[in-house]
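In: Got a predicted structure here, sequence first:
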Amino acid sequence: MKPKLEVYIGSLKLKNPVMVASGTFGYGREYADYVEPSRLGAIVTKTITKNRREGNRPPRICETTGGMLNAIGLQNDGLEDFIQEKLPACRDLGTKLIVSVGGETSSEYGEVIEALNTHPEVAAYELNISCPNIEYKDKIISQDEELTHKVVRDVRQKTDRPLIVKLSPNVSDITRIARAVQDAGADAVSLVNTFLGMAVDVETRRPVLGNITGGLSGPAIKPMALRMVWQVYNRISLPIVGMGGIMNARDAIEFLIAGATAVAIGTANFVDPRTSSDVVEGIATYLSQHHYKDVKELIGSLNVS
Amino acid sequence: MKVQITSNVFLRDKYLLMEFCVPAGFAKPEPGQFLHVRIEDSFDPLLRRPLSIHDVAWQARSRSGQKRHILKILYEVVGKGTALLAEKRPLAQIDVLGPLGRGFDLKKINRSRCVYIVAGGMGVAPLFFLAKTIREGQKGKGPKIVVLIGGRNKDHIIREKEFKDLGCEVHVATEDGSKGVKGRVTELLKTLLPAPGAAGSPDDPQGPPVICACGPKAMLSVVAGFAQQKGLAAQVSLEEFMGCGLGACLGCVIRTVSGYRRICQDGPVFDASEVIWTE
């Protein structure tokens, strides 16, 4: 018998626990030659903002040992373009579409979400309050417990759809932020966004990235991301979407065992565009081999005795 | 897609030519397109490397008679990734995505009577495939091809003979004068462009020449400025660090008159007049 892969993120039902992380998969169609979107649990879009954002000056990415830095700067053509140009193509994806929403103020987040509420293609929202490459009064929203609580509470008023809040790892205690998100009424948390980092060209003594600093992702951050998922799992009751350096099914399974209800594949999509569907298959194979009937048996099953 | 390397040889210090077979189902590449190459199965190096398609050849498979492409990549060892690529021996496999991106606009090129192909250093990589395609596509009726190759010194001038064998007029410039004309390839371009009224000159009634260039960004910017000054169309092939290579991550962008555009998807070949070179 095939093991069950269905999971729930709040009221959002996913056919399997594998999603693709915001910013790594475009708007769902860019990988059509490599991944059938209907194989995935959900697709999270590139973050959209109310107004068009030009993004940061290049170079925007650079490879580091076991990882990569990026400073894209939330380049996107804005809400109106998303609704007109991108959303219609998402109608028949065959999977759940989660729209990542960015902004600088509560009202900006709220406006985007209100405009999207009438569009049936959208299944849920992921609030990106953790992008390291834009500045909100010199800091990332999710670095501030009170501000996080306020933004999430305000946005909560605007929608009944599942609300996932994406957290930054660039904090001293991520469980406090996660708690604030839960108290403010969100349905789930996703963690982690990228770790702040930088690289220097020693020949020119210039930063490699046009933005000077960027966000580190890839295999290098996996142990830290996993630790944070485990900590948050032990502190709050909301479902967790775990991510950070997941390159294959075994990495994904580590996150599930540590307490993630679902996982997201990010940087690995660049390394092998088929990773996300391979991970779905790999999790199913693992469950069969270990005689699990349901992926839920795995979630949070870390044995610390 | 995993492909098998058939040959990987040093042409000269640091410069290599790699050949590998792709199955018949592989999309036919256009000049200027690239492959996104995963060098190792491990995660070090992590990201793929975008490499221009240098040449394409057909070969009949001995048993079934089915045709398949031989693709060639010309590359320079510049870092960890290309150093590992240089160590690959025949029968080893690499993983390639592609052909990707938007190549040169052949229609525009074939409408002109003369095309100036300007290569700076490794810029020859995509331009050889371009010259060959122009030469083969028009049954001898295509535009005249003038190739300009520039480099620091004579050791940095590669594929000169191959361009000559195609029937191109080839000129060389080196910064130290160890081969060809002393100076930059962009200076050479200025001296080579025919006087007003002559065939291939900007005011040739049969149509102005077209410039196709690939090389360091500083060189391309000079070519673009020169083309604009002379009222000529120029197509330039750009390079940048890349993430996905599929247009999703917005990691490899160039500032253009219509905002930041993706080199992997909207390029790598752009009309020089669209690019904002000052950034």
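Out: Everything's here; your move.

In: what stretches of the stretch 1-150 of chain A score poorly on pLDDT?
Out: In the predicted model of the stretch 1-150 of chain A, residues A:133-138 satisfy pLDDT under 70.

In: Quickly note the distance from residue B:157 to residue A:178.
Out: Applying CB to CB, to the nearest Å, the value for residue B:157 to residue A:178 is 60 Å. Glycine gets a C-beta too; all of them are placed from N, C-alpha and C.

In: who has more neighbours, these two?
Out: Shown here are residue B:157 and residue A:178; by other CB atoms under 10 Å in any protein chain shown, residue A:178 has more neighbours (27 against 22).

In: is it true that the more buried one touches residue A:237?
Out: No: contact criterion CB atoms under 8 Å: residue A:178 and residue A:237 do not qualify, at 10.4 Å.

In: so what pLDDT did residue B:66 get?
Out: What the model reports as pLDDT for residue B:66 is 67.

In: Revised request: answer the last question for residue B:138.
Out: As predicted, residue B:138 sits at a pLDDT of 69.

In: likewise the one 3 residues further on?
Out: Residue B:141 is assigned a pLDDT of 77 by the prediction.

In: To what extent is it buried, counted in neighbours?
Out: Count around residue B:141 with other CB under 10 Å applied: 7.

In: go on, residue B:189?
Out: 23.

In: Assign it to helix, strand or coil.
Out: helix (DSSP: H, G, I helix; E, B strand; the rest coil).

In: That one: what's it in contact with?
Out: If you count contacts by CB atoms under 8 Å, 6 or more residues apart in numbering or on different chains, residue B:189 has them with B:116, B:118, B:148, B:211, B:223, B:226.

In: okay, these in JSON lines with secondary structure and neighbour count next?
Out: Formatted as JSON lines, those follow (DSSP: H, G, I helix; E, B strand; the rest coil; neighbours: other CB atoms under 10 Å in any protein chain shown):
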{"residue": "B:116", "secondary structure": "strand", "neighbour count": "26"}
{"residue": "B:118", "secondary structure": "strand", "neighbour count": "31"}
{"residue": "B:148", "secondary structure": "strand", "neighbour count": "26"}
{"residue": "B:211", "secondary structure": "strand", "neighbour count": "27"}
{"residue": "B:223", "secondary structure": "helix", "neighbour count": "26"}
{"residue": "B:226", "secondary structure": "helix", "neighbour count": "20"}
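
In: Between which two of these is the distance greatest?
Out: B:148 and B:226 (12.0 Å; CB to CB).

In: Could you take the contacts of residue B:189 and lay them out as CSV, with extra columns for pLDDT and distance to chain A?
Out: CSV is the format used below for the contacts of residue B:189 (pLDDT from 0 to 100; distance: CB to the nearest CB, whole Å):
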residue, pLDDT, distance to chain A
B:116, 96, 28
B:118, 97, 23
B:148, 97, 27
B:211, 96, 24
B:223, 96, 20
B:226, 93, 24
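
In: Alongside chain A, which residues does chain B contribute?
Out: B:38, B:43-48, B:95, B:97, B:240-255, B:259-260, B:279 (CB under 8 Å from any CB of the partner chain).

In: out of those, which are buried?
Out: B:38, B:43, B:45-48, B:95, B:97, B:240-255, B:260 (16 or more other CB atoms under 10 Å in any protein chain shown).

In: got the contact list for residue A:215?
Out: A:69-71, A:131-133, A:193-197.

In: Around chain B, pick out the residues from the stretch 151-300 of chain A.
Out: A:218-219, A:247, A:267, A:269-273.

In: rerun that using 10 Å as the cut-off
Out: For the stretch 151-300 of chain A, the contact set with chain B under CB under 10 Å from any CB of the partner chain comprises A:208-210, A:217-220, A:245, A:247-248, A:266-273.

In: quick one on the thing from earlier: could I get the contacts of residue A:215 as JSON lines with neighbour count, secondary structure and distance to residue A:125?
Out: Below are the contacts of residue A:215 laid out as JSON lines (neighbours: other CB atoms under 10 Å in any protein chain shown; DSSP: H, G, I helix; E, B strand; the rest coil; distance: CB to CB, whole Å):
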{"residue": "A:69", "neighbour count": "27", "secondary structure": "strand", "distance to residue A:125": "27"}
{"residue": "A:70", "neighbour count": "31", "secondary structure": "strand", "distance to residue A:125": "22"}
{"residue": "A:71", "neighbour count": "30", "secondary structure": "coil", "distance to residue A:125": "24"}
{"residue": "A:131", "neighbour count": "26", "secondary structure": "coil", "distance to residue A:125": "15"}
{"residue": "A:132", "neighbour count": "23", "secondary structure": "coil", "distance to residue A:125": "20"}
{"residue": "A:133", "neighbour count": "21", "secondary structure": "coil", "distance to residue A:125": "20"}
{"residue": "A:193", "neighbour count": "27", "secondary structure": "coil", "distance to residue A:125": "16"}
{"residue": "A:194", "neighbour count": "29", "secondary structure": "coil", "distance to residue A:125": "20"}
{"residue": "A:195", "neighbour count": "20", "secondary structure": "strand", "distance to residue A:125": "24"}
{"residue": "A:196", "neighbour count": "17", "secondary structure": "strand", "distance to residue A:125": "25"}
{"residue": "A:197", "neighbour count": "22", "secondary structure": "strand", "distance to residue A:125": "28"}
